[in-house]
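A.B. asks: Give me a 3D structure for the following:
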Amino acid sequence: MSVLEISNLTKRFSGLVAVNDLSFSVEERSIHALIGPNGSGKTTTINMIDGVFAPTEGKIVFHGQEITKKPTHEISRLGLGRTFQNIKLFHTLTVKENLMVGGHMFYAKEGILRFLLDIRLARQEEKRLEEEAGRILELMNMQDVANRRVGGLPYGMMKMVELARTMMTAPKLILLDEPAAGLNPSERKKLMEILMRIYESGVDLFLIEHNMDVVMNISHKITVINFGSKIAEGKPAQIQNNPEVIQAYLGDRYQKKA
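C.D. replies: Below is the predicted model:
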């Protein structure tokens, strides 16, 4: 069963075709990767999926519901989460406070006016947010940084905080835009462990990534695009041995030895 279906997706910017007639599906209980050279249309694809860009043509279906024309906040409410290449956190807040901000749409639904006027309700919502933030931090083994200000954390840990905040939106599927970018090998190893924990908790994952150690070790299926069009799709071993993918993107060093 598919959780996300992309059909004939195309995006044109004036005369430039960034994504061209792209189709693929993300299966339930899977980690799916989208790879390709810089400028191949990967981030544009994610931006269309989560409502940042409207597709020029094509159709996007999430858990059986078409989301092609929906705005980002409505898509998020359906259970589609997102992380970004550029970290977007509140640097003066603590890690836990950043997570709590991310959960307001789901755990504090009564609105700011009632929150300000009803102290009892405010306390209940605050308690729900704190409890959920604590659960997510425990899942991701980040309890030791819960009360640290984000601005004083190393870059790799900031990436983990952004991922943890996305978990506060109760996602069914998370779109990860280059989650391992800028991480050293030990940080990438920790990232893979955390992504597997998230996956095992019941959340499906769809990632764009250039670090092939991450992609090949955790992905169940890989879609490869070049100049906005799909050139290959399959399991990691199939992709590593695909001549067109090797020539367009991977190079000989990634070819899986028999």
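
A.B. asks: how about the strands in the stretch 51-200 of the chain?
C.D. replies: Remark: strands assigned in the stretch 51-200 of the chain by DSSP state E, counting those that start in this stretch are 57-62, 65-66, 80-83, 173-177.

A.B. asks: Now tabulate those in TSV and tack on mean pLDDT.
C.D. replies: Formatted as TSV, the strands of the stretch 51-200 of the chain follow (pLDDT from 0 to 100):
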stretch	mean pLDDT
strand 57-62	97
strand 65-66	96
strand 80-83	94
strand 173-177	96
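
A.B. asks: okay if I get those as CSV plus mean neighbour count and distance to residue 222?
C.D. replies: (Glycine included, C-beta is placed from N, CA and C.) Shown next, in CSV, are the strands of the stretch 51-200 of the chain (neighbours: other C-beta atoms under 10 Å; distance: least, C-beta to C-beta, whole Å):
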stretch, mean neighbour count, distance to residue 222
strand 57-62, 18, 20
strand 65-66, 11, 25
strand 80-83, 23, 19
strand 173-177, 23, 14
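
A.B. asks: Of all those, which one is nearest residue 144?
C.D. replies: Closest of these to residue 144 is strand 80-83, at 21.5 Å (criterion: C-beta to C-beta).

A.B. asks: Quickly run through the sheet partners of the closest one, with directions.
C.D. replies: strand 173-177 (parallel) (DSSP bridges).

A.B. asks: contact partners of the partner strand?
C.D. replies: 3-4, 26, 43, 46, 49-50, 62, 79-85, 163, 166-167, 195, 198, 203-209 (C-beta atoms under 8 Å, 6 or more residues apart in numbering).

A.B. asks: If we use 6 Å, what do you get?
C.D. replies: Counting by C-beta atoms under 6 Å, 6 or more residues apart in numbering, strand 173-177 makes contact with 3, 43, 46, 80-85, 166, 204-208, all of which sit outside it.

A.B. asks: just those residues: which has the poorest pLDDT?
C.D. replies: Within the set of the contacts of strand 173-177, pLDDT is lowest for residue 85 (82).

A.B. asks: got a list of what that residue touches?
C.D. replies: 177-178.

A.B. asks: if I look at it, how far off is residue 175?
C.D. replies: Going from residue 85 to residue 175 by C-beta to C-beta, to the nearest Å gives 12 Å.

A.B. asks: just residue 235 next, same as before
C.D. replies: As defined by C-beta to C-beta, residue 235 lies at a distance of 21 Å from residue 175.

A.B. asks: Phi, psi for residue 147 please.
C.D. replies: Residue 147 adopts backbone torsions of phi -100, psi 10, taken as degrees, to the nearest 10.

A.B. asks: How about it: what's its closest non-neighbour residue?
C.D. replies: residue 94 (5.2 Å; C-beta to C-beta, 6 or more residues apart in numbering).

A.B. asks: Any idea what the residue nearest to residue 242 when sequence neighbours are not counted is bridged to?
C.D. replies: Leaving aside its sequence neighbours, residue 242 sits nearest to residue 232 (C-beta to C-beta, 6+ apart; 4.8 Å). Here residue 232 sits in beta bridges with residue 224, going by DSSP bridges.

A.B. asks: I'd like to know how many residues surround residue 232.
C.D. replies: Residues within reach of residue 232, counting by other C-beta atoms under 10 Å, total 20.
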